[in-house]
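Student: Please work out how this folds:
(2 chains)
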Amino acid sequence: MAEDSGKSKGAKLLNKFLREMLLIRRFEEKSSKMYGLRKIGGFCHLYIGQEASAVGSIAALDLKKDYVLTAYRDHGHALACGMDPRVLMAELYGKSTGCSRGKGGSMHFFDAEKHFLGGNGIVGAHIPIATGVGLKIVTKDEDGVVLCYFGDGAIHQGSFHESLNMAKIWNLPVVYICENNQYGMGTEFKRVSAVDDFSVMGASYGIEGKQVNGMDVLEVYGELSKTVEKTRREKIPSFIEVRTYRYKGHSMSDPAKYRSKEELESYKEQDPILILKALMIERKMLTEEGYKKLDKELRSICDEAVKFAEESPEPELETLYEDVLV
Amino acid sequence: MAIVTVREALRQAMDEEMDRDENVILLGEEVAQYNGAYKVSQGLLDKYGPKRVIDTPISEEGFTGIGIGAALVGLRPIIEWMTLNFSIQAMDQVFSNAAKMRYMSGGQFSCPAVFRGPNGPAEYLSSQHSQALQAMYAHMPGLKMMAPSTAYDAKGMLKTAIRDDNPVIYLESELMYALKGEIPSEEYLIPFGEAAVRRQGKDVTIVSYSKPMRTVEAAAKHLENMGVDAEVIDLRSIRPLDEQAVYRSVQKTNCCVIVDEAWPFASVGSHVAWLVSKNCFDWLDAPVELVSGEDVPMPYNHKLELAAQPSVEKIIAAVKNVMYME
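Tutor: Numbering: from 1, shown residues only, chains lettered A, B, ... in the order given. Here you go, the predicted structure:
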């Protein structure tokens, strides 16, 4: 476990990481349960196993001036941006109190105030959008940075390559983050990629790339803090491959039979939450009892989110015709 | 009043709006240093500089998405497609992002972007470079569409499009850029959803828009010599559509011919023909006629390409049909 930056930030930061990662884990478990009970429909992509990626990187931002965009596996990023679990669960339920008024669902969480621009369901389609947010920052001489997350599947889309090229020629402050969870739906990334090491993917565009261990929240935070700071200071695009793993299938309908039990178990042994917990206990920042208390509190927040969603009203029928145009 | 070309009218509209609002930027292929593939952006780089008049690589999906992203966070980009033919590369960005972002986000984000460029058949260009693609874009809720046919409209409508808070598809025509017309020296705007009656008449209603308006006006002159008094309506705004202007005319003339240079299947023309058939059924003396492009890709040979498009002869034949002449 990388300790260099994490150690100095002290207990407060580690507590924040543990809390946010565990909240995402419990929220996703609850989502899965409610999906099984048919309270939630459609496509639902869980972030379990990948928590350190969103938590460790978004912690490096100032969301008053920075922006976050991601794809359809967006629950974790939304929570890491500080969105209310109740409003997110209500969105999963399609209720009027949801962040997108029940019109977006699992794949389309948005929060204008928190600079969270979704939540995009088309693989790679948000990469140019994120780049355009970077163009706005430069055009208006602002100080912000954009974090653009996408998966190992999206990296072969033209939108990724076109975006990196323009981000470089126009010096846009965008950090492109490939969350490589190793499977594009059911396809192992090595089977469909000319290179195994994605950190070289920015090289054609003169963009430096790095690879970080996405199961280690301190390593993610340490690397992203440096990258975000450099991106902000030098107004240049950056590229990071976060090596991570999803414990569940691609979506709720995927039993994930394309990978071995042994592989899944080997990643669960590197679980980002348990590793951080062990470290914090070792450093006497946390006790087993304290962890249980935190877990109980977060489970109750997720129960509360479900209660809020259950009790929220359905959207009125006339809202069908609202929000099409300004 | 001054006499200017459509090209100059469009340039003036962009110039005035860029002068008025620093959030307006122009990006596209060859728009800056080359002064525009069709010279529509002549002089804008010199006046507004490279931060607001931006040459892009040939990456339609990328720069269209970048414009959309910038629009979501406060800029008002004009995205120039060298021709609509190349916008096919960018359709995912327009369809999946520009048209849907407001809806999916429950009204949190809007996309004040204009997508403009020449559409429709030109000359000697064969199938990939000579086609009318408006039906693709007109099909989708969440987009507005304008298609001027005169220099006066070109300026007043583009200014309106730039000021609108919604994504607007703005259709020009290669063969119209040199067309001349009068424009006033004082500022004027032409609103969405207002068709123009180009010729008052009592015998037959002919409805069209964009470049075929010239063919329609020539046909109306021929009809006049034949003793037929045609009323000619220029739709101008396709989305929203001024249905009432068409109905008022048809209720007077009792017969209707639609002229649309696009293919007949599921087109703007076929949609208007359906609207008239449905809403003016009790006034119609004959089935509505549609003069469209032939249902074939565009050939290179000049005789064949002319035969593929609406012509004065085809329009007169359609008028004779609806008036039961001969």
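Student: Need phi/psi at residue 232.
Tutor: Here I'm looking at chain A. Here is the backbone geometry of residue A:232 (degrees, to the nearest 10): phi -70, psi -40.
Student: wrong one, I was asking about chain B
Tutor: phi -110, psi 120.
Student: So which residues on the stretch 151-300 of chain A come close to chain B?
Tutor: Within the stretch 151-300 of chain A, the residues that sit near chain B (C-beta under 8 Å from any C-beta of the partner chain) are A:158, A:159, A:162, A:163, A:165, A:166, A:169, A:170. Yep, even glycine has a C-beta here, placed from its N, CA and C like the rest.
Student: Return the distance of residue B:158 relative to chain A.
Tutor: Here residue B:158 is placed at a distance of 18 Å from chain A (C-beta to the nearest C-beta, to the nearest Å).
Student: returning to that earlier point: okay, the residues of the stretch 151-300 of chain A next to chain B in CSV with distance to residue A:228, secondary structure and neighbour count next?
Tutor: Below are these laid out as CSV (distance: C-beta to C-beta, whole Å; DSSP: H, G, I helix; E, B strand; the rest coil; neighbours: other C-beta atoms under 10 Å in any protein chain shown):
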residue, distance to residue A:228, secondary structure, neighbour count
A:158, 26, helix, 16
A:159, 23, helix, 24
A:162, 23, helix, 27
A:163, 18, helix, 34
A:165, 22, helix, 20
A:166, 20, helix, 27
A:169, 21, helix, 15
A:170, 19, coil, 20
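Student: What residues does the spatially most central residue of chain A make contact with?
Tutor: Chain A has residue A:77 as the residue nearest its centroid, 3.5 Å off, counting by C-alpha atoms, centre = their mean. By C-beta atoms under 8 Å, 6 or more residues apart in numbering or on different chains, the residues touching residue A:77 are A:54, A:58, A:68, A:70, A:116, A:149.
Student: Could I get the contacting residues of the fourth one?
Tutor: Each residue near residue A:70 by C-beta under 8 Å, 6+ apart is listed here: A:54, A:77, A:118, A:119, A:120, A:126, A:148, A:149, A:150.
Student: Just list whatever residues bridge to it.
Tutor: residue A:119 (DSSP bridges).
Student: pLDDT of stretch B:170-181, averaged?
Tutor: The average pLDDT within stretch B:170-181 is 97.
Student: Need the pLDDT of residue A:7.
Tutor: On the pLDDT scale, residue A:7 is placed at 51.
Student: Repeat that for residue A:2.
Tutor: Note on residue A:2: pLDDT of 53.
Student: ok, now residue B:129?
Tutor: Reported pLDDT for residue B:129: 96.
Student: What of residue A:307?
Tutor: Listed pLDDT for residue A:307 reads 98.
Student: Doesn't it lie inside a helix?
Tutor: Yes: looking at residue A:307 with DSSP: H, G, I helix; E, B strand; the rest coil, it is inside a helix.
Student: Relative to chain B, how far out is it?
Tutor: From residue A:307 over to chain B the distance is 21 Å, taken as C-beta to the nearest C-beta.
Student: burial of residue B:275, as a residue count?
Tutor: Residue B:275 has 16 neighbours, counted by other C-beta atoms under 10 Å in any protein chain shown.
Student: what about the closest residue to it other than its chain neighbours, neighbour count?
Tutor: Of all residues not flanking residue B:275 in the chain, residue B:243 sits nearest, at 5.8 Å (C-beta to C-beta, 6 or more residues apart in numbering or on different chains). Residues within reach of residue B:243, counting by other C-beta under 10 Å, total 15.
Student: surely residue B:243 meets residue B:279?
Tutor: Yes: counting by C-beta atoms under 8 Å, residue B:243 does reach residue B:279; the two are 7.2 Å apart.
Student: can you give me the helices in the chain?
Tutor: Unless you meant another one, I'm taking chain A. Remark: helices assigned in chain A by DSSP state H are A:4-36, A:51-58, A:75-80, A:85-92, A:126-139, A:158-169, A:217-234, A:261-268, A:272-282, A:288-311.
Student: that's the wrong chain, I wanted chain B
Tutor: Assigned by DSSP H, the helices in chain B fall at B:6-20, B:44-48, B:60-72, B:84-87, B:91-92, B:101-104, B:134-138, B:151-163, B:212-225, B:243-253, B:268-279, B:302-307, B:312-322.
Student: From residue B:274, how far out is residue A:262?
Tutor: Distance, residue A:262 to residue B:274, using C-beta to C-beta, to the nearest Å: 61 Å.
Student: Have a look at those two and say which one is more surrounded.
Tutor: residue B:274 (13 against 7).
Student: ok, now how distant is that one from residue B:40?
Tutor: Residue B:274 is 34 Å from residue B:40, by C-beta to C-beta.
Student: Please apply the same query to residue B:301.
Tutor: Here residue B:301 is placed at a distance of 29 Å from residue B:40 (C-beta to C-beta).
Student: Give me the more crowded residue out of those two.
Tutor: Higher neighbour count among residue B:301 and residue B:40: residue B:40, with 28 against 11, using other C-beta under 10 Å.
Student: so who does the more buried one touch?
Tutor: For residue B:40, the contacting residues are B:7, B:10, B:11, B:14, B:80, B:172, B:177, by C-beta under 8 Å, 6+ apart.
Student: Kindly list the main-chain dihedrals of it?
Tutor: Phi and psi for residue B:40, reported as degrees, to the nearest 10, are phi -70, psi -30.
Student: Chain neighbours aside, what residue packs nearest to it?
Tutor: Nearest non-adjacent residue to residue B:40, counting by C-beta to C-beta, 6+ apart: residue B:10, 5.0 Å away.
Student: residues near residue A:203, how many?
Tutor: Other residues near residue A:203 number 13, with proximity taken as other C-beta under 10 Å.
Student: now residue A:112
Tutor: 15.
Student: Pick out whichever of the contacts of residue A:77 sits closest to chain B.
Tutor: residue A:116 (9.6 Å; C-beta to the nearest C-beta).
Student: List the residues that contact the closest one.
Tutor: Counted by C-beta under 8 Å, 6+ apart, residue A:116 has contacts A:63, A:67, A:68, A:69, A:77, A:78, A:81, A:83, A:109, A:110.
Student: how about a cut-off of 7 Å?
Tutor: Residues counted as contacts of residue A:116 (C-beta atoms under 7 Å, 6 or more residues apart in numbering or on different chains) are A:68, A:78, A:81, A:83, A:110.
Student: do the same with residue A:56
Tutor: By C-beta under 7 Å, 6+ apart, residue A:56 lies in contact with A:17, A:217, A:220, A:221, A:224.
Student: distance of the nearest residue to it once chain neighbours are set aside from residue A:130?
Tutor: What sits nearest to residue A:56 in space, not counting adjacent residues and going by C-beta to C-beta, 6+ apart, is residue A:220, at 3.0 Å. Residue A:220 sits 19 Å away from residue A:130, going by C-beta to C-beta.
Student: same question, residue B:60
Tutor: From residue B:60 over to residue A:130 (counting by C-beta to C-beta), the distance is 18 Å.
Student: Looking at the two, which is more packed in?
Tutor: Just comparing residue B:60 and residue A:130: by other C-beta under 10 Å the higher neighbour count belongs to residue A:130, 28 against 24.
Student: Distance check, that one against residue B:68.
Tutor: Here the criterion is C-beta to C-beta. By it, residue A:130 lies 11 Å from residue B:68.
Student: before we move on, what about residue B:313?
Tutor: In terms of C-beta to C-beta, residue B:313 sits 43 Å off from residue B:68.
Student: who's more crowded, these two?
Tutor: Neighbour tally, residue B:313 and residue B:68, criterion other C-beta under 10 Å: the higher count belongs to residue B:68, 29 against 12.
Student: these two touch, right, the more buried one and residue A:127?
Tutor: No: at 11.7 Å, residue B:68 does not count as touching residue A:127 under the criterion of C-beta atoms under 7 Å.
Student: what about residue 50, neighbour count?
Tutor: Defaulting to chain A. 27.
Student: Correction: the question concerned chain B.
Tutor: By other C-beta under 10 Å, the residues close to residue B:50 number 11.
Student: thinking it is in contact with residue B:27, fair?
Tutor: No: judged on C-beta under 7 Å, residue B:50 makes no contact with residue B:27 at a distance of 10.6 Å.
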